[in-house]
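# Following is a predicted model, sequence given first.
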There are 2 protein chains.
Amino acid sequence: MEKFEVTILGCGSATPSPKHYTSSQVVEIRGKLFMVDCGEGTQIQLRRSRVAFARINHIFISHLHGDHCFGLLGMVSSFGLLGRTAPLYIHAPAELEPMLQQEMDFYCRDLEFQVKFQGFDPAETAVIYEDRSLTVTAFPLRHRVPCSGFLFREKPTADHLDRAVADYYGVPQWDYNRIKDGGYFTTKDGTIIPHASLTKPAAPVRSYAYCCDTAYNPAMIPVITGTDLIYHDCTYSAEDADRARKHFHSTATDAARTAAAARAGKLVLGHFSARYTDENILLEEARCIFPDTILAKENLTVTI
Amino acid sequence: MEKFEVTILGCGSATPSPKHYTSSQVVEIRGKLFMVDCGEGTQIQLRRSRVAFARINHIFISHLHGDHCFGLLGMVSSFGLLGRTAPLYIHAPAELEPMLQQEMDFYCRDLEFQVKFQGFDPAETAVIYEDRSLTVTAFPLRHRVPCSGFLFREKPTADHLDRAVADYYGVPQWDYNRIKDGGYFTTKDGTIIPHASLTKPAAPVRSYAYCCDTAYNPAMIPVITGTDLIYHDCTYSAEDADRARKHFHSTATDAARTAAAARAGKLVLGHFSARYTDENILLEEARCIFPDTILAKENLTVTI
């Protein structure tokens, strides 16, 4: 099966902590690398990870708080120093563009690659990236400023032809694709061989949802239902629920309720407040509701 | 003797490396903390050091390359999150102000402290900060963009009164300050007691020069002559002198020649290119010319 994995570069919240970097991660799907958020120090973390700088062509920014985007200018600048020539696509709330353009005009005058800004509206649920094998859907989260989650989802592939069965019934080679795409076959004597007999089902479609930063947000459940992996805001424990509500962040309970309601495969908790010296209290809280939960940490890679 | 020390937070050059952070350091003089340069990740490094965030009231920026200032916005933003109320003074080339103001208007809307921008002209040698016990002088370096070095220098203090001698000659208490400041004393019988007999010399004035980024720059020698400690650009070894000239950086040899010509007390090499896996070749090269040389490293504190 082709690679689909998420590598955490930073999973702390905004207040600086000696333990965590601010938000950033890299999603690798079928050989393509996508960065999600880019807090200060992302390029430092990237250099320490096994992720190849040059293979990142798309950066998605969830919202315009510093702990999710202050590393962007440094990334662009370092791509320049490292001799990048391929275009870099930055998918972010549209209001970032004039600010970023001004910063690049000031600090990154001689880039030998193009930065292609792809603004989106965080109030809308929309496919903001698509290629042959994948879509990325942005969907609204509930935060103090407009903020999007991102759903990375493979496109369904055709079923696999069962070659031995096909040969037995005399299916000609030029007819393979039609059958893989769902067709049946009629033998010379008029017998209909159904699609299911001629094929093995395609690998199931895999998906990953990044939901950070957000208060408890049941409105997004329909978008992320059935997702294999959810990364969810878990800034606070239930004891600090008032604080979570005030700052439009989630508790471990909120994250776990969301994963359970979405019938997710697995939950990764992240965006930890610096106040918890032992994040296991967050993990235990979430596991009471959604057992298949883990804590994010820097350089952790989760395979889907 | 009161504290005068320099703590290195980052001593790498612009290209990201897994080994070093970009430029930043904290100078502590007589209980006051001054930050010099603020590359990306400075606040992360600061959190890992023993330096107290809240005690930094002045940040000096040498020049407007990202590896010396991309951490500034994150610092301002985190000062806000940490509940700072005291004004923060940013001393930087004047052209930074409109850019920084715009960024702060965008990202740091509700600060409860004032950011006071103190622009200077990097083409001039000038005292840009002064208090009761200290001056900071900016002086021009030779770099691709306008760039300043900074000389931190204690003000001379009055000599100490030798109380036993003063009592012996009957110096009245109200006359102490005049004598400490250089006066002599006339006894009742008309004998003149010279200043030197009544006092012990004040502690010598200490100083520190930050010279980064710069090509070999003999023009600055008069400004930094006699400095106790010099931190100098040492991006390359002499073998890469062509590269150093091209990028307006120094070799270890350049740094050591500067320290020798300035009759410095000690030299700290920094701003290392990521190309040297073993920086001891830089150290050995410099020590041939200026033996009292050390390599900077993250979290190193040098006492003056």
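Ah, there it is.
# Residue A:69 - how many residues pack around it?
Residue A:69 has 28 neighbouring residues, counting by other Cβ atoms under 10 Å in any protein chain shown. Bear in mind the C-beta positions are built from the backbone N, C-alpha and C, glycine included.
# so it touches residue A:38, yeah?
Yes: counting by Cβ atoms under 8 Å, residue A:69 does reach residue A:38; the two are 5.8 Å apart.
# what residues do those two have in common as contacts?
Jointly contacting residue A:69 and residue A:38 under the rule Cβ atoms under 8 Å, 6 or more residues apart in numbering or on different chains are residue A:61.
# can you map out the helices along the stretch 51-200 of chain A?
A:66-69, A:72-81, A:96-107, A:163-169, A:176-180, A:195-198 (DSSP state H, counting those that start in this stretch).
# Please identify the buried residues of the fourth one?
It stands for helix A:163-169. By neighbour count with 16 or more other Cβ atoms under 10 Å in any protein chain shown, helix A:163-169 contains the buried residues residue A:166.
# Return the list of helices and strands in contact with it.
helix A:195-198 (3 or more Cβ pairs under 8 Å, 6 or more residues apart in numbering or on different chains; DSSP states H and E).
# Can you give me the buried ones in the helix it packs on?
So for helix A:195-198, counting by 16+ other Cβ under 10 Å, buried means residue A:198.
# Excluding its own residues, what touches that helix? List them.
A:159, A:161-162, A:165-166, A:169, A:171, A:179, A:182-185.
# which of these are buried?
A:159, A:161, A:166, A:171, A:179, A:185.
# Could you single out the nearest of those residues to chain B?
residue A:159 (44.7 Å; Cβ to the nearest Cβ).
# List the contacts of the closest one.
A:180, A:182, A:195, A:199-202.
# for chain B, what are the nearby residues on the stretch 1-150 of chain A?
By Cβ under 8 Å from any Cβ of the partner chain, the part of the stretch 1-150 of chain A that sits against chain B consists of A:14-18, A:21, A:40-41, A:43-44, A:46-48, A:53, A:64-66, A:70-71, A:73-74, A:77-78, A:81-82, A:99, A:102-103, A:106-108.
# Residue A:21 contacts residue A:9, correct?
Yes: with contact defined as Cβ under 8 Å, residue A:21 reaches residue A:9; the gap is 6.4 Å.
# Okay, domains of chain A per the record?
A:4-157+A:203-303, A:160-200 (automatic domain parsing).
# ok, which residues in the stretch 201-304 of chain A are in contact with chain B?
Checking the stretch 201-304 of chain A against chain B by Cβ under 8 Å from any Cβ, there are no hits.
# mind listing the strands for the stretch 201-304 of chain A?
A:207-211, A:229-233, A:266-270, A:293-295, A:301-303 (DSSP state E, counting those that start in this stretch).
# give me every residue that touches whichever residue of the stretch 151-300 of chain A sits closest to chain B.
Taking Cβ to the nearest Cβ, chain B has its nearest neighbour within the stretch 151-300 of chain A at residue A:274, 8.9 Å off. Counting by Cβ under 8 Å, 6+ apart, residue A:274 touches A:12-13, A:15-17, A:19-20.
# State the pLDDT value of residue A:82.
Looking at residue A:82, its pLDDT stands at 91.
# Pull the contacting residues for it.
Shown in contact with residue A:82 (Cβ under 8 Å, 6+ apart): A:53-54, B:15.
# Could you save these as CSV and add columns showing pLDDT and neighbour count?
CSV is the format used below for the contacts of residue A:82 (pLDDT from 0 to 100; neighbours: other Cβ atoms under 10 Å in any protein chain shown):
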residue, pLDDT, neighbour count
A:53, 86, 16
A:54, 90, 12
B:15, 84, 14
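# need these in a markdown table with distance to residue B:286, can you?
Converted to a markdown table, the contacts of residue A:82 look like this (distance: Cβ to Cβ, whole Å):
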| residue | distance to residue B:286 |
| --- | --- |
| A:53 | 31 |
| A:54 | 34 |
| B:15 | 21 |
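# Check those against residue B:292 and report the nearest one.
Top of the list for closeness to residue B:292, among the contacts of residue A:82 and by Cβ to Cβ, is residue B:15 at 29.0 Å.
# can you map out the strands along the stretch 1-150 of chain A?
A:4-10, A:24-29, A:32-38, A:56-60, A:88-93, A:115-120, A:126-131, A:134-140, A:148-154.
# strand partners of the fourth one, parallel vs antiparallel please.
Looking back up the chat, that one is strand A:56-60. strand A:32-38 (parallel), strand A:88-93 (parallel) (DSSP bridges).
# so of those strands, which one's packed in deepest?
Sort those by mean neighbour count, taking mean count of other Cβ atoms under 10 Å in any protein chain shown, and strand A:32-38 sits at the top with a mean of 24.
# Against residue A:70, how distant is residue A:94?
19 Å (Cβ to Cβ, to the nearest Å).
# And for residue A:269?
23 Å.
# Next, count neighbours for the residue lying closest to residue A:232 once chain neighbours are set aside.
The shortest distance from residue A:232 to any residue other than its chain neighbours is 3.8 Å, reached at residue A:255 (Cβ to Cβ, 6 or more residues apart in numbering or on different chains). For residue A:255, the count of nearby residues is 31 (other Cβ under 10 Å).
# still on that earlier bit, between the domains of chain A, which one is nearest to residue B:34?
Of all these, domain A:4-157+A:203-303 comes closest under Cβ to Cβ, at 19.5 Å.
# Give me the distance from the closest one to the chain's centre.
Centroid separation between domain A:4-157+A:203-303 and its chain, computed with Cα atoms, centre = their mean, to the nearest Å, is 6 Å.
# For it, measure first residue to last.
In domain A:4-157+A:203-303, first residue to last residue: 6 Å (Cα to Cα, to the nearest Å).
# Below-threshold pLDDT in the stretch 51-200 of chain A: ranges please.
Along the stretch 51-200 of chain A, segments meeting pLDDT under 70 are nowhere present.
# Report the beta-bridge partner residues of residue A:186.
Taking DSSP bridges, one obtains residue A:192 as the residues bridged to residue A:186.
# Roughly how far does it sit from residue A:159?
Using Cβ to Cβ, we find residue A:186 at a distance of 18 Å from residue A:159.
# What of residue A:81?
47 Å.
# go on, residue A:256?
To residue A:159, residue A:256 is 35 Å away according to Cβ to Cβ.
# for residue A:154, what are its contacts?
So residue A:154 contacts A:4, A:29-30, A:133-134, A:205-207 (Cβ under 8 Å, 6+ apart).
# er, residue A:117 I mean
A:90, A:92, A:96-97, A:100-101.
# do the same with residue A:23
Taking Cβ under 8 Å, 6+ apart, we find residue A:23 in contact with A:10-12, A:37, A:39, A:62, A:67-68, A:212, A:270-271.
# As CSV, the residues you listed with distance to residue A:119 would be great.
Formatted as CSV, the contacts of residue A:23 follow (distance: Cβ to Cβ, whole Å):
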residue, distance to residue A:119
A:10, 24
A:11, 26
A:12, 27
A:37, 16
A:39, 20
A:62, 14
A:67, 21
A:68, 16
A:212, 20
A:270, 25
A:271, 24
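# burial count for residue A:123?
12.
# Can you tell me who the closest residue to it other than its chain neighbours pairs with across the strands?
Counting by Cβ to Cβ, 6+ apart, residue A:123 lies nearest to residue A:140, which is 5.8 Å off, once chain neighbours are set aside. Beta-bridge partners for residue A:140, by DSSP bridges, are residue A:148.
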